[in-house]
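Engineer: Provided below for reference: sequence and predicted model.
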Amino acid sequence: MDKFTEAQNNIFTYFRSKKEQLLIEAKATAAQHSGLRGSHREAIFRTFLDDFLPLRYRTGNGMVYGPYHRSKEADIVVWDADNNPRMEMAGHTIFFADSVRAVIEVKTRWSTNEFKDILMKCRTVKDIIVPTHTLNLEDELASMRQELFSLRTGQEHDGTLIKKPHIGTAAVIFYGGTSLKPNRLNKYFLENIDDCWPDITILIEKGVLIVKDYPELDSDESPELIFIDAGEHALLFFMDALLKLISHRSVQTEQSVDISEYLYGSMTTKIIGKVPFQLTRPISGRIPIWRK
């Protein structure tokens, strides 16, 4: 008797086949004219995302603009197309920060210089301020819960301090990355984790994920950069993490599918290293302000 359910087998088969397809297509792209490699490499992964992501989200490439700052040209921009516009310009697209849920940088092969390019571009994304002039549906509901708690307990409050999450960032590296290990990070990489590192990085061929793990607002724990050996299932775990990243930055009227719930008890990953880092920016969330 198979130890996996039919759903689990179908999920594993889908992502294993997608991984092999992506690696084959990326290798073929690497043999093309150098001027075409970048756009083709990005198109390969965009096609994969478009086939899997909810239709609410579309992918494109271009620059993300906040009120006072913009990103560099981004390989892939995941934006909420159901509720927001974008502007098509000559040769590129402009996206508004409010609409963008994640920016993804894509590289064929790992190298120190290529990863430095990823870090630089991710920093320009994280520097963008997402406007918070109005409350969304989740903010309004949180405010109502606070009011109800106040009425029941007689405890007065002065509202809630809301810190919106930064635009999510991710990096996809098809080949290489053997030297990218937690105990071999150089000084530049270690000093810029909070500001520059992607929230999620995948080394597809190597089967490794690197995830930034932030503590809860009221926790005394330190944030960590976690290196995970996910083997042949790395793409599956990357997409699960990406969906959670996007969902956390969106207002949901229905519960989003949690792929990890379908995999419960069927497989494990191996943590191969953790790197604590210092916060340079506030953690997102809501902090009720109660009067003393």
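Structural biologist: Happy to help now that I have it.

Engineer: Bridged to residue 70, which residues?
Structural biologist: On DSSP bridges, the residues paired with residue 70 through beta bridges are residue 65.

Engineer: what about it, neighbour count?
Structural biologist: Applying other Cβ atoms under 10 Å, we find 16 other residues in the vicinity of residue 70. From N, CA and C alone the C-beta is placed, and that goes for glycine too.

Engineer: got the contact list for it?
Structural biologist: Taking Cβ atoms under 8 Å, 6 or more residues apart in numbering, we find residue 70 in contact with 63-64, 124, 128.

Engineer: And the contacts of the lowest-mean-pLDDT helix or strand in the chain?
Structural biologist: Within the chain, no helix or strand scores below helix 34-52, which has a mean of 83 by mean pLDDT, DSSP states H and E. With Cβ under 8 Å, 6+ apart as the test, helix 34-52 has contacts from 18, 22, 25-26, 29-30, 32, 58-59, 61, 75-76, 78, 104, 106-108, 172, 174, 239.

Engineer: Identify the residues contacting the residue nearest to residue 161 when sequence neighbours are not counted.
Structural biologist: Take residue 161 and drop its neighbours on the chain: the residue closest to it by Cβ to Cβ, 6 or more residues apart in numbering is residue 287, 4.4 Å away. Contact partners of residue 287, counting by Cβ under 8 Å, 6+ apart, are 160-161, 163, 217.

Engineer: of the residues you listed, buried ones?
Structural biologist: In the contacts of residue 287, burial by neighbour count holds for residue 160, counting by 16 or more other Cβ atoms under 10 Å.

Engineer: in the stretch 151-292 of the chain, which spans are helices?
Structural biologist: Under the criterion DSSP state H, counting those that start in this stretch, helices of the stretch 151-292 of the chain are mapped to 187-191, 193-196, 234-248, 259-262.

Engineer: Just tell me which of those ends up closest to residue 87.
Structural biologist: Closest approach to residue 87 among the helices of the stretch 151-292 of the chain (Cβ to Cβ): helix 234-248, 21.8 Å.

Engineer: List the buried residues in the closest one.
Structural biologist: Going by neighbour count (16+ other Cβ under 10 Å), the buried part of helix 234-248 is 234-247.

Engineer: the strands in the stretch 51-200 of the chain, which residues?
Structural biologist: The residue ranges that make up the strands of the stretch 51-200 of the chain, judged by DSSP state E, counting those that start in this stretch, are 57-65, 74-80, 86-89, 92-96, 100-109, 157-163, 168-175, 200-203.

Engineer: wait, which of these is closest to residue 225?
Structural biologist: Across the strands of the stretch 51-200 of the chain, the minimum distance to residue 225, taken as Cβ to Cβ, is reached by strand 200-203, at 9.4 Å.

Engineer: neighbouring contacts of that closest one?
Structural biologist: Here strand 200-203 has contacts from 110, 168-173, 176-177, 180, 208-212, 234-235, 238, 241-242, 245, using Cβ under 8 Å, 6+ apart.
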